[in-house]
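Peer 1: next come a sequence and a model predicted from it.
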Amino acid sequence: EAGVTQSPTHLIKTRGQQATLRCSPISGHTSVYWYQQALGLGLQFLLWYDEGEERNRGNFPPRFSGRQFPNYSSELNVNALELEDSALYLCASSYSGGGTDTQYFGPGTRLTVL
Amino acid sequence: LAKTTQPISMDSYEGQEVNITCSHNNIATNDYITWYQQFPSQGPRFIIQGYKTKVTNEVASLFIPADRKSSTLSLPRVSLSDTAVYYCLVGALYSSASKIIFGSGTRLSIRP
């Protein structure tokens, strides 16, 4: 069974640009979660999508947005990039958004903002 | 909002048993406790999950006292490959009324 995949592996942008990160969940999973992990820090929850809808959002500004497609894959968009947006962005998926659901994480996308 | 508190770091030696404790004083009735392991530049990996008493799998054991205000992840006979960051999560984390908090985790270093 294929795991969660993310693309690209690395992304380099400059301040003010937009970044688009992609995630494909494990087959059969309907929930997708996005996290930000700055270097040396813990995971900060960004967004949760389930069945195509945004279900929950972390404490991030509106320039962080995303969507989930009918095939349950997801996109994270970061507009007006700032230097502090440099981080590892992790995507996870689960069967559904239940509190006991195990999340399966992808390898992440390393975003560098210059 | 079930905030978790863990030690920032721990050191141990190969072959030892390691216990990492997580405090979650305001855990709710429906909340479960889940532990994840993360290696550098990788996504976290599920280790174990429990609700009360004791849970054991091939990797670890999870001890949860009756009041459920804390939990202890026990790693038997650790090896160098167990060096990682360990995160404790508590919730019905994915309800629209709550926020998801991973916390900063515990950085475990195993020495030869």
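Peer 2: Arrived safely, thanks for sending. Keep in mind it's a predicted model, so treat the numbers as computed, not measured.

Peer 1: identify the residues contacting the closest residue to chain B within chain A.
Peer 2: Per Cβ to the nearest Cβ, A:Phe105 is where chain A lies closest to chain B, at 2.7 Å. To be clear about C-beta, it is placed using only N, CA and C from the backbone, and glycine gets the same treatment. Counting by Cβ atoms under 8 Å, 6 or more residues apart in numbering or on different chains, A:Phe105 makes contact with A:4, A:90-92, B:42-45.

Peer 1: what subset of those is buried?
Peer 2: A:4, A:90-92, B:43-45 (16 or more other Cβ atoms under 10 Å in any protein chain shown).

Peer 1: among those, show me the least confident.
Peer 2: The pLDDT minimum for those sits at B:Gly43, where the score is 88.

Peer 1: please name the nearest non-neighbouring residue to it.
Peer 2: Nearest non-adjacent residue to B:Gly43, counting by Cβ to Cβ, 6 or more residues apart in numbering or on different chains: A:Phe105, 2.7 Å away.

Peer 1: go on, B:Gln42?
Peer 2: A:Pro107 (6.3 Å).

Peer 1: among the contacts of A:Phe105, name the ones in strands.
Peer 2: A:90-92, B:45 (DSSP state E).

Peer 1: make TSV out of those and add distance to A:Arg22.
Peer 2: Compiled in TSV, the ones in strands among the contacts of A:Phe105 are given as follows (distance: Cβ to Cβ, whole Å):
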residue	distance to A:Arg22
A:Leu90	13
A:Cys91	8
A:Ala92	14
B:Arg45	21
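
Peer 1: all strands of chain B, in order?
Peer 2: B:9-13, B:18-23, B:32-38, B:45-50, B:53-56, B:61-64, B:70-75, B:84-91, B:106-111.

Peer 1: any residues of chain A in contact with chain B? List them.
Peer 2: Selection of chain A residues close to chain B by Cβ under 8 Å from any Cβ of the partner chain yields A:4, A:31, A:33, A:35, A:41-45, A:48, A:55-56, A:58-59, A:88, A:90-92, A:97-108, A:110.

Peer 1: buried only: go through those residues for me.
Peer 2: Among those, the ones that count as buried by 16+ other Cβ under 10 Å are A:4, A:31, A:33, A:35, A:42-45, A:48, A:55-56, A:58, A:88, A:90-92, A:97, A:99-101, A:103-108, A:110.

Peer 1: show me the two of the contacts of A:Phe105 that sit farthest apart.
Peer 2: The span of these, defined through Cβ to Cβ, is set by A:Cys91 and B:Arg45 at 14.1 Å.

Peer 1: low-confidence ranges, chain B, go.
Peer 2: Applying pLDDT under 70 to chain B picks out residues B:1-2, B:92-101, B:103.

Peer 1: residue in it nearest to chain A?
Peer 2: B:Gly43 (2.7 Å).

Peer 1: nearest the geometric middle of chain A, what residue?
Peer 2: Centroid check for chain A by Cα atoms, centre = their mean gives A:Trp34 as the closest residue, at 3.1 Å.

Peer 1: does the nearest residue to it once chain neighbours are set aside count as helix, strand or coil?
Peer 2: Spatial nearest neighbour of A:Trp34, excluding adjacent residues (Cβ to Cβ, 6+ apart): A:Leu46 at 4.1 Å. Counting by DSSP: H, G, I helix; E, B strand; the rest coil, the backbone at A:Leu46 sits in strand.
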